[in-house]
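Trainee: The following block contains a protein sequence and its predicted model.
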Amino acid sequence: MSVSNVLTTEQNEVVRGWIQAFYNTLNVDSFDIERWFEKYFENDASVTYNNDPPYKGYNDVSAHILQLRQKLSVKYTVKHVDVISDRIYVEIDATVIRKNDPEKKEIHLSELAVFYKKINENKISSLKIYVDPTPLLEKNKT
């Protein structure tokens, strides 16, 4: 069975705008997580990091995000976006600062995020994030 993954320029631009808005919302230190989840995720959506078990639904996802944001300030830069009909691949640079670090030293991470979202839909069913946390862990050793 063959599926066409050819998208129009307009479809590509709409998806890229959606991705940028998703990360722009996260780049604000204080944001309304309930509105963010409601706008971008299906009710039963999951978020998975590397090979960890997924966080499912609003309660799990929001608890995890809020826990991270208590410890870390993160700014995301979208580097590259590839769009196919049911998935979006996003290359991201994340600049992380530990909130308890008196030096406020920046830690740089590279991520690949896979958004499971169809072109004609506005919400994702799943988000998988692949990131090497080594630079963040090494900061603990110095």
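Mentor: Yep, that arrived.

Trainee: Which strand residues bridge the residue most central in space within the chain?
Mentor: The chain has residue 113 as the residue nearest its centroid, 6.1 Å off, counting by CA atoms, centre = their mean. Residues in a beta bridge with residue 113, per DSSP bridges, are residue 90, residue 129.

Trainee: Tell me which residues touch it, please.
Mentor: With contact taken as CB atoms under 8 Å, 6 or more residues apart in numbering, residue 113 is in contact with 89-90, 92, 127-130. Using the backbone N, CA and C atoms, a C-beta is placed for each residue, glycine as well.

Trainee: tally of neighbours for the nearest residue to residue 57 once chain neighbours are set aside?
Mentor: Distance criterion CB to CB, 6 or more residues apart in numbering; nearest residue to residue 57, sequence neighbours excluded, is residue 44 at 5.6 Å. Using other CB atoms under 10 Å, residue 44 has 10 neighbouring residues.

Trainee: and residue 44, helix, strand or coil?
Mentor: strand (DSSP: H, G, I helix; E, B strand; the rest coil).

Trainee: JSON lines please, covering the contacts of residue 113 and showing distance to residue 98, neighbour count and pLDDT.
Mentor: Listed next are the contacts of residue 113 as JSON lines, based on distance: CB to CB, whole Å; neighbours: other CB atoms under 10 Å; pLDDT from 0 to 100:
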{"residue": "89", "distance to residue 98": "28", "neighbour count": "13", "pLDDT": "96"}
{"residue": "90", "distance to residue 98": "24", "neighbour count": "24", "pLDDT": "96"}
{"residue": "92", "distance to residue 98": "19", "neighbour count": "19", "pLDDT": "96"}
{"residue": "127", "distance to residue 98": "24", "neighbour count": "23", "pLDDT": "98"}
{"residue": "128", "distance to residue 98": "25", "neighbour count": "16", "pLDDT": "98"}
{"residue": "129", "distance to residue 98": "19", "neighbour count": "17", "pLDDT": "98"}
{"residue": "130", "distance to residue 98": "22", "neighbour count": "13", "pLDDT": "98"}
